[in-house]
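Peer 1: for reference, the sequence and a predicted model appear below.
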Amino acid sequence: QVHLVESGGGLVQPGGSLRLSCAASGFTFSSVAMSWYRQVPGKEPELVAAIFHTHSNATYADSVEGRFAISRDNAKDTVYLQMNALEPEDTAVYYCVALSLWGPNIRAHRPSPYWGQGTQVTVSS
């Protein structure tokens, strides 16, 4: 059974940093591309960062490029999202998601049915 468990969310002031973690189990983690989505109430989930299974390639949404960094440790079955220079617009529930398709760019990636439960990130002074 697939499990994805996020941690590391919380309240942070604008300009601050947070690091999200996602522990995976129930599948061969090292063979699967992983991603982070975020969602605010009333809107569709937004793919913000993705990393290929060999962690040789990472892609980012324009809204977070240069501020966020996705990484993975295949020995620990864990994917991370380092978020720096956070802005109030980054406030959302962040989900760890296994990808079913790695496309030629971030807009072409496709999520699998396997999502974590989400972790709230709030950026506010």
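Peer 2: Structure received.

Peer 1: what about the strands in the protein?
Peer 2: In the chain, strands defined by DSSP state E lie at 3-7, 10-12, 18-25, 34-39, 46-51, 58-60, 68-73, 78-83, 92-101, 110-115, 119-123, listed in chain order.

Peer 1: quick one: low-confidence residue ranges for this protein.
Peer 2: Flagging of the chain using pLDDT under 70 yields the residue ranges 55.

Peer 1: do you know how far the residue nearest the centre of it is from Tyr80?
Peer 2: Most central in the chain under Cα atoms, centre = their mean is Trp36, positioned 1.9 Å from the mean C-alpha point. Applying Cβ to Cβ, to the nearest Å, the value for Trp36 to Tyr80 is 9 Å. C-beta: built from backbone N, CA, C; applies to glycine.

Peer 1: hey, what's in contact with both of those two?
Peer 2: Common contact partners of Trp36 and Tyr80 (Cβ atoms under 8 Å, 6 or more residues apart in numbering): Leu20, Cys22, Ile70.

Peer 1: top of the residues you listed by neighbour count?
Peer 2: The most crowded member of the shared contacts of Trp36 and Tyr80, judged by other Cβ atoms under 10 Å, is Cys22 (25 neighbours).
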